[in-house]
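Asks: Got a predicted structure here, sequence first:
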Amino acid sequence: MKHFRRCVRSFLLLLLCVSVLIPIIFVTIKLKHLSPIGQKEFVEDLSAIKYRTDAALRHNAIKQEAREDLKGPKQVIYEDRVVNYSANEDSETEESENDGDITDLLERNETNHEREEAQQFHQREISSMAGEKGQSHQTTVERDHNAHSQYRRMIDKKIKEVKDGHSNQTRVWPDHSLRSQSYKVTDVNIAKMKDLMIRAKVYLNFAPPDSKSRLVKDLKQRIREVGRALSQATKDSRLSESSVQKLEKMEATLSKASLVYPDCSAMVSKLRAMTQNTEELVRAQKNQATYLVRLAGRTTPKGLHCLSMQLTAEYFALQPEERQLPNQQKLQDAELYHYAVFSDNVLACAVVVNSTISAAMESEKIVFHVVADSLNFPAISMWFLLNPPGKATIQIQSIDDFEWLSTKYNITLKKQSSSDPRYGSELNHLRFYLPDVFPALDKIVLLDHDVVVQGDLTELWSVNMKGKVNGAVETCNESEALLRRMDMLINFSDPLVSKSFNVNACTWAFGMNLFDLQEWRRKNLNSVYHKYLQLGNERSLWQAGSLPLGWITFYNQTMALDRRWHVLGLGYDSAVRRADIEQAAVIHYDGVTKPWLDIAIRRYKGYWTKYVKYDHPYLQQCNIQE
């Protein structure tokens, strides 16, 4: 009996030890797997463990953050990255093109690895935060705060490792979704403020003009506050805390106004009327801006006018024998490379000559024939007397020297009616009389004075013209912004035009053209030009300008040149690719925004200004700066 009791007592003691030791062992094992953050926040009631997903956890934390006006590190890091990337985006684009593919591959590998580690990390966090029913909202926010901080430190460490192994100038993002999201939400508050301003003004218009109610005063005050906030910040990242509070106050005031003015139809009508008025105002502003840009394109800058006057005065101070340019015996040599430029702009003409000679391999074989109007002939002559074009030869002529032009063709030219005097200018139409201007030459390249030559044009002279008269770059490619059709400038509703020309014929551009003067004379294209010029005075056949007349005169007489010879659009199209510009032999600032004007497109102006001698005394006296 005693032995039986002893056995029972031993068994009970064993059960007691097991019941005490097993929970201790279980708790010890759990504590080993907890992170330092989880150990501090481990709860006592293990029977109440409830698991929550990572998404739900972050969602609750964000709600608490918005409600309690807390500033977590996520927002600070997020804003800094958006600002830094935006500030350096332009400079980093070109520098990271070569190693972009390698960076993208590394970025994808690192991102996948980071996601796996992040998932494991958050699983441990979920386990450690089990059973926290009854904890305060502040504890939840602090937990997510610390978890996110550790996650961001892990991501930043990975980014640093990738950047240290590659170019320091290449930015690597931890996740493409974060990068795309940053642009979607950057200016949400700014856009919201603008919308609320419009609503507030509509509600204000509903009130009587002399109303002094509390609501009217609040609306006016909120409009002033939000307007001041918008004037101080253009991005959400630059909004202050007070600006966000003003936004909330505006929303509260508009909620009150919606109760006072609940008629939705009145609101819709008022907004529609405001939209129509705004659209009319925008159209009027666009028309005015277009007119002013065109007006600016036709004017001469003050500095350029000063330069022309200075050079003209110096020219007439010279003796007749001092006005002679050197190497004039080469002007009739058909074996040399002859270029023609018709210009009334000293600086533009100088850039064409300087850029052509700088790019030429054999500048001693180049002959320039510059024709100017009588007003600018002295200034252009004096410029090249002071700045001779190196080994090249240059001739300056006045249009008044061509007596045959003034007596035979001037009457027809003066009948050209256009608001832009350039279209009726003799210089503009002189290109159609090249065989008469240069009777001793067989070939010539015509350059507009708003071009820059970047490559050697020697190979242009060996192009097989195949019996054509005009060599030019075509502009009929439908995939490009420079698309031009015959019916854009020519009236195909006229029976004579529709019968003589094909509306689908390929168009081409003036600016850099190779002309076979022998074929021109043989086919007597001057008479074709003169015929349609007279017909155009009798009825409307084309828009003003020399380009449609060129399409008609050289119809079926144009040889297409490689597109790399001539790139257009730098005077009106801000989307010309940099690669196309760099590869082009000639770039053309066709359009209104010429490079010597203040309205020039800034990204293209550097190609022109590098051929201007800004340190020249005359340019400095006239305050002509880059």
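Replies: All right, it came through fine. Numbering: from 1, shown residues only.
Asks: residue boundaries of the strands in the chain?
Replies: 337-342, 366-372, 393-398, 443-447, 451-453, 470-472, 512-516, 558-560, 566-567, 586-588 (DSSP state E).
Asks: Make CSV out of these and add mean neighbour count and mean pLDDT.
Replies: The C-beta positions use only the backbone N, C-alpha and C, and glycine is treated the same way. Formatted as CSV, the strands of the chain follow (neighbours: other CB atoms under 10 Å; pLDDT from 0 to 100):
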stretch, mean neighbour count, mean pLDDT
strand 337-342, 23, 96
strand 366-372, 23, 96
strand 393-398, 20, 95
strand 443-447, 21, 96
strand 451-453, 26, 97
strand 470-472, 23, 96
strand 512-516, 24, 96
strand 558-560, 18, 95
strand 566-567, 24, 94
strand 586-588, 25, 97
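Asks: which regions of this structure lie under the pLDDT threshold?
Replies: Residues of the chain that meet the criterion pLDDT under 70 lie in 1-2, 27, 29-186, 406-424, 478-481.
Asks: what's the burial count for residue 8?
Replies: 10 (other CB atoms under 10 Å).
Asks: next one: residue 456
Replies: Using other CB under 10 Å, residue 456 has 15 other residues around it.
Asks: and it, how far is that from residue 369?
Replies: 19 Å (CB to CB, to the nearest Å).
Asks: Could you report the neighbour count for the residue lying closest to residue 254 once chain neighbours are set aside?
Replies: Once flanking residues are discounted, residue 254 sits nearest to residue 199: 5.7 Å by CB to CB, 6 or more residues apart in numbering. Applying other CB under 10 Å, we find 17 other residues in the vicinity of residue 199.
Asks: do residue 539 as well
Replies: Residue 539, neighbours per other CB under 10 Å, totals 10.
Asks: any idea how far the residue nearest to residue 254 lies from residue 217?
Replies: 17 Å.
Asks: Longest helix in the protein, please.
Replies: helix 264-298 (DSSP state H).
Asks: Now do that one: which elements does it pack against?
Replies: Counting contacts by 3 or more CB pairs under 8 Å, 6 or more residues apart in numbering; DSSP states H and E, helix 264-298 is packed against helix 188-206.
Asks: May I see the buried residues of the helix it packs on?
Replies: Neighbour-count burial for helix 188-206, with 16 or more other CB atoms under 10 Å as criterion, is recorded at 189-190, 193, 196-197, 199-200, 202-204, 206.
Asks: Looking at the residues you listed, which is nearest residue 617?
Replies: residue 190 (50.2 Å; CB to CB).
Asks: That closest one contacts residue 233, correct?
Replies: Yes. The pair residue 190 / residue 233 is scored as a contact, 7.2 Å apart, by CB atoms under 8 Å.
Asks: what do these two both touch?
Replies: residue 239 (CB atoms under 8 Å, 6 or more residues apart in numbering).
Asks: Sort out which one of the buried residues of helix 188-206 lies nearest residue 600 for me.
Replies: Ranked by distance to residue 600 (CB to CB), these are led by residue 190 at 31.1 Å.
Asks: Apart from its chain neighbours, what residue comes closest to the closest one?
Replies: Per CB to CB, 6+ apart, closest to residue 190 is residue 236, 5.9 Å.
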